[in-house]
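A.B. asks: I need the structure of the sequence given here:
(2 chains)
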Amino acid sequence: MKTRLMTSAAILSMVIGSANATELEVTHWWTSAGEAAALKVFADAFAKTGNTWVDAAIGGGGGAAVPAIVSRIAGGNPMGATVMVHGRQAEELVQAGLMRDLTELAEKEGWKDVVRPATLLDSCTFEGKIYCVPTNIHSQQWMWISIPVFEKAGVPVPKNWNEFVAAAPALEAAGIIPIAFGPDGFQSYLTFNTIIASVGGPDLYTKIYGDRDMDVIRGSEVAKLFAAMADFRRLSAQSRVGNWNEASNQLITGVAAAQIMGDWAQAEFATAGLAAGTDYDCLPGLGLNAIVNTGGNAFYFPVLEDAAASDAQLALASVMINPEVQVGFNLAKGSLPVRGDVKVETTNLCMQKGLDILATGTIIPAVEQYITPDTLASLRDLAARFFADASMTPEAAQEEYAAILEMAQ
Amino acid sequence: MSQRQRRRSLSVALAATPVIIKALVVTVGFTAWTVFYSFTNSGLLPRETFVGLAQYRRLWSTHKWHVAIENLAIYGACVMVLSLVIGFVLAALMDQKIRGEGVFRTIFLYPFALSFIVTGLAWQWILNPEMGLQASVRSWGWESFVFEPLFDADIVIYGIVAAGLWQGSGLIMVIMLAGLRGIDPDIWKATRIEGIPAWKVYLNVILPMMRPTIVTATVLTGVGIVKMYDLVVAMTDGGPGGASEVPAKYVVDAMFASQNLGQAFAASTMMLLTVAIILIPWAYLQYAEKRNARR
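C.D. replies: Sure thing, here's the model as predicted:
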C-alpha cells in the first residue's frame, strides 16, 4: 500500500512538476475560536513557503487527542507534524526513533540563542539532539480575585494567599464562597502544583521535582504545603461546580471571591467584559513568590519516508519559530512567545505581570518536564482524591505523595 | 461415510476455519500476549524487560485499583440482582394479558436503544443538584431537600447503578417475557384447577422452568458489568476524587494517560482472572449436570 502510494505520488509529481506544493498533515486539538485563529497564522506563513497545511483537528481536548496521535505514530501511520504537551509525553516515541531530529535546522537558525527561557529547548532535547519546536508559553500559577466581591464584603483586596485565607471568614459571613473550584482531575492537579510551587517557592520546588530529595519531601516544609491545600479544600467546599470555566463564571457573577487557574482563565473574564485591575485582580505565584512556570506546547515532526514531505517538515519548523509568526500566533492564542528577542504589545495589567516575571528570570519548569506521564497520572489521582475527600488528612496525602515520587523514574 | 457426507464435512470445516483462526489468534493469542507483557515494564510501547510481579505488586498497592474493584463488586451485585428481579417482575406483569402491551414493552425497552454515553449524560443531568431531581423537588416546595449523589463519594456508585438499571432492565424484561411465553399454557390451567395462588406458581413452577432464559439473562448482564466503562466516563469520569473508578477505566487510564502498558496489562489480566474464577466453576457445573442428565 505504502509503495503504491509512493509510486502514485512520484508519478503525480512527474506529471505536475516538481515545483508544486507539498501537503503536510498537522494534528492538534486546538478547536476554540482563538486557537483556530492562532493556527491560521502558522498555516498562512507555511503557505508562503510553497507548501500546504492540511488541518487535522482532533476534538475532545488534549486528553482525548494525545492517545489518538500517539497511536497513529506508533502504529506506522504518522502525520506530518503534531502538537504535544511540552515535556516527557513524547519521550518514548523519540527513543523508538519515530521522531524527526531537528538539530541541524536548530543549529543553523541558532535556536539556542533566541529561545527564552532555555529550559523550553532543554525539554525538546534528548541525548543532545533537538526533537521539537516550542511554540508558546502558558503559565499556571495564578490566583484570580474578584474586586467587587471584596468591596461588597468590606474587606481589603488581599495581596497574597495568606491574606486571602485570613479574609475568608469575613467573606463567608457575607454569604460569599471564598474559592470557586470544581474537584475534577484537571483543576485538582493544577491547584496542587500551584500551591506547591507558589507557597513553597522555587527552591523547594526544585528540591522536590528536580532533585527528588526524599528527606525534604517527607519533611516539615512540605507538610506546610499540604496544610495550605487543606485550607483550600475547606474554603472551596461550597463551590460545587464542574469545569474550570464554570468556576470562572462564579467569579464573574459574584458568587465566589477567587479562583486558582492558569492564564487562559483571562479569556473568560475578557469575554465577559471585565477589565484587569478594576473588575478583577491577579496574583501570579499566589502573591507569595514571583514565579510562573514555562509549560506550553511544542510541535513534533514524526519521521516520514517521503523526501518532499520531509523537506516541508523543516520548512514548517522554521516558520513556527520565525519572529513575526511567533508574535502573530501568540497574540491570537493569548500566550507568551518563546523568543526573547520579540515584543508583544499589551496593555493588560495581568499579562504585563507575567511578562515582568519572565523578564526578571524567576521561572520554573513545568512539572511535566521533570516526571513521566505515569507519575503524573498518579499525582493527578492523588490530587483529585485529596480535594474531593475531606476525610483525607494532609499527613496521609503527604505520605502518599512521597511514595509516588519515590517510585518515579 | 458416503462421499456426499464427506464433501459436506469438508465444506463445513472450510467454513469454520476463519472462525477457528480468529478464536486462536485474536482471543487466545492476544490474551497470551497481554499476559506476557504484564510481566514487563512496557511504557508507551511494548518492550521485553522483565520485572517479575512488580506490576502486580504496584497494582495491588494502588488505592485507585482497590476503589475500582470495590465499585465493580457493588455495581455488579446491585445490577445483577436488581435487573433480574425488575426484569422478571415487569415481564410477569406484562404477561397478565394487559391492554396496550406493545406500548409498554416499547417504553421499557426504549432506554436500551440509547448508548451508555447518552444514558450517562442524561443521568448526569438528572442527578445534577442545580438542574436535576434536587432542583425539581425544591421547586415543588420542599426547600431543604438534598440529593446530590454525584458529589458524594460514598454513594456516587449507586447513582451509576440507577442509570445502569434504567438502561438495561428493559432488555432483561423482554428476554424474561419471551421465556414466560414459552411456558405451556396447560401448566397454568393445571395450577388453576389445583387452586394454587399465582405468585406461588411463578416462584415454584415457572421460575425453575425458565432456567435457560435466566441463564441467558445472567450471562448478558454479567458481561455488561465486567466491561462497564463508558457509563462511568460519561457520568462522572471517575469522580468525585476517583470515588467511582472501575477496573476497565483503570486499564484505559494506565494505557493512555499514564503511558504504562505493563500496568494496564497487569490490571486487565487481573480482570480476566476474576472472570475466570467465577466462570470456570459455573461452566464446570453446567457441564457436569448435562453429563448426569445424559446418563
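
A.B. asks: ok, longest helix in the chain?
C.D. replies: Reading this off chain A. Determined from DSSP state H, the single longest helix within chain A is helix A:185-205.

A.B. asks: that's the wrong chain, I wanted chain B
C.D. replies: Ranked by number of residues, the top helix in chain B under DSSP H is helix B:261-294.

A.B. asks: what's the spacing between the one residue sitting closest to the centre of chain B and chain A?
C.D. replies: In chain B, the residue lying closest to the centroid (CA atoms, centre = their mean) is B:G224, at 2.3 Å. B:G224 sits 24 Å away from chain A, going by CB to the nearest CB, to the nearest Å. Any C-beta I mention is one placed from the backbone N, CA and C, and that applies to glycine too.

A.B. asks: check which element follows the longest helix of chain A along the chain.
C.D. replies: Moving toward the C-terminus from helix A:185-205, the first helix or strand encountered (DSSP states H and E) is helix A:214-217.

A.B. asks: hang on, B:Q134 in a helix?
C.D. replies: Yes - membership of B:Q134 in a helix is supported by DSSP: H, G, I helix; E, B strand; the rest coil.

A.B. asks: so is the residue nearest to it when sequence neighbours are not counted in a helix, a strand, or just coil?
C.D. replies: For B:Q134, the nearest residue in space outside its immediate sequence neighbours is B:F147; the separation is 4.6 Å by CB to CB, 6 or more residues apart in numbering or on different chains. Applying three-state DSSP to B:F147 yields a three-state assignment of coil.

A.B. asks: check contacts around B:F147.
C.D. replies: If a contact means CB atoms under 8 Å, 6 or more residues apart in numbering or on different chains, then B:F147 has B:L127, B:P129, B:L133, B:Q134, B:V137 as its contacts.

A.B. asks: rewinding a little: for the longest helix of chain A, packing partners?
C.D. replies: Judged by 3 or more CB pairs under 8 Å, 6 or more residues apart in numbering or on different chains; DSSP states H and E, helix A:185-205 is in contact with helix A:220-235, helix A:244-252, strand A:256-260, strand A:363-364, helix A:373-388.

A.B. asks: check these for me and report the most buried one.
C.D. replies: Mean neighbour count, computed with mean count of other CB atoms under 10 Å in any protein chain shown, is highest for strand A:256-260 among the helices and strands packed on helix A:185-205, reaching a mean of 29.

A.B. asks: let me know whether it sits next to chain B.
C.D. replies: No - remark: strand A:256-260 sits outside contact range of chain B, by CB under 8 Å from any CB of the partner chain, the gap being at least 14.5 Å.

A.B. asks: got a list of what the residue in the stretch 101-250 of chain B that chain A sits nearest to touches?
C.D. replies: Ranked by CB to the nearest CB, the top residue of the stretch 101-250 of chain B for proximity to chain A is B:G241, at 2.4 Å. By CB under 8 Å, 6+ apart, the contact set of B:G241 is A:P183, A:S188, A:A384, A:R385, A:F386, A:F387, A:A388, A:D389, B:A153.

A.B. asks: try B:A122
C.D. replies: The neighbourhood of B:A122, defined by CB under 8 Å, 6+ apart, consists of B:L114, B:A163.
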